[in-house]
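> 3D model of this:
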Amino acid sequence: MLIPTLSICNTSLRYDASLSEWIIIISSGVIGIGLADTLFFMSLNRLGAGLSAIVDCLYSPFIIILSIFWLQESLTPIQIVGSILVISAVLTTTTIKTQKGLTKKNLLLGIIYGALAMAGTAVSIVMIKPILERSPILWVTEIRLFGGIAIMLILLTFNKRRKNIIGSLFTLSSWKYTLAGSFIGTYITMMTWLGGMKFTQASIASILNQTSNIFIFIFAALLLREPITTQRIVAIVLAVSGALLVSFS
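Residues are numbered from 1 along each chain as shown. This next block holds a predicted model:
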């Protein structure tokens, strides 16, 4: 869908960019889509949407920390406090009584995979921020996708379950979820996410991104019937409060 959209918006895939810019954007896709998204789904499968929303609040502190080194942004004392709150929220999840089907091992692995996913996502966006500011959003989005697709095809080639994975593409009953998720989560959301990073500071954009965790927490309870406990509420409040302090200081 992005390719015809590029045509409609008079944007060419052959955008005049340097070789180094092409390499950086493709690398961003490899890290942010191919690797980080895979780790995110591995975490989501183990934790469920509610707990994942808490761990995902590490995204904003990672953005701030990386921005110090790549974008020469500074870290204020309040931002340090905010980062501590977010980390505290994640640590709080490790003491949550595991629900049915969730073992301590999967809880720990889910948190580790989730943290690595947020780190990878943060790296992938901060590394292209300077390029994004002077390049068309649609072009950057599509080139990142090419990088993500390329690494996923390589990983699939060496995956022992590749036949089952490819076979799942022909399971028509799951296509309604696949297509809906791809349209909303990739086609629309990735363009608007990159647009936010293009037109505002990374720290401000990251907190606006972080509001997704609130919606995940709510929808997980309403649609997936995940339990709402006092400890989970405390964790999400700590995480969101920390993200606010980190980004609006």
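> distance of Ile149 relative to Met118?
Per Cβ to Cβ, to the nearest Å, Ile149 is found 22 Å from Met118. The way it works is simple: take the backbone N, C-alpha and C, and place the C-beta from them, glycine included.
> the more surrounded of these two?
In this view Ile149 and Met118 are compared by other Cβ atoms under 10 Å, and Met118 has more residues nearby, 24 against 14.
> where's the more buried one, which helix or strand?
Element membership for Met118, per DSSP states H and E: helix 104-126.
> Leu155 now?
Assessed by DSSP H and E, Leu155 sits inside helix 137-157.
> can you give me the mean pLDDT across the helix or strand following that helix?
As assigned by DSSP H and E, the chain's next helix or strand after helix 137-157 is helix 162-168. Helix 162-168 carries an average pLDDT of 86.
> packing partners for helix 162-168?
With contacts taken as 3 or more Cβ pairs under 8 Å, 6 or more residues apart in numbering; DSSP states H and E, helix 162-168 sits against helix 137-157.
> which strands and helices lie in contact with the helix it packs on?
helix 2-8, helix 19-29, helix 36-47, helix 162-168, helix 189-199.
> for the helix holding Met118, packing partners?
If you count contacts as 3+ Cβ pairs under 8 Å, 6+ apart, helix 104-126 packs onto helix 19-29, helix 36-47, helix 49-55, helix 59-70, helix 77-93, helix 189-199.
> and it, what's its mean pLDDT?
The average of the pLDDT scores along helix 104-126 is 92.
> ok, now how distant is His77 from Ala243?
Check again: residue 77 is Pro, not His. From Pro77 across to Ala243, the span is 16 Å (Cβ to Cβ).
> picking that back up, so can I have JSON lines of the helices and strands packed on helix 137-157 showing mean neighbour count?
Shown next, in JSON lines, are the helices and strands packed on helix 137-157 (neighbours: other Cβ atoms under 10 Å):
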{"stretch": "helix 2-8", "mean neighbour count": "12"}
{"stretch": "helix 19-29", "mean neighbour count": "17"}
{"stretch": "helix 36-47", "mean neighbour count": "19"}
{"stretch": "helix 162-168", "mean neighbour count": "10"}
{"stretch": "helix 189-199", "mean neighbour count": "17"}
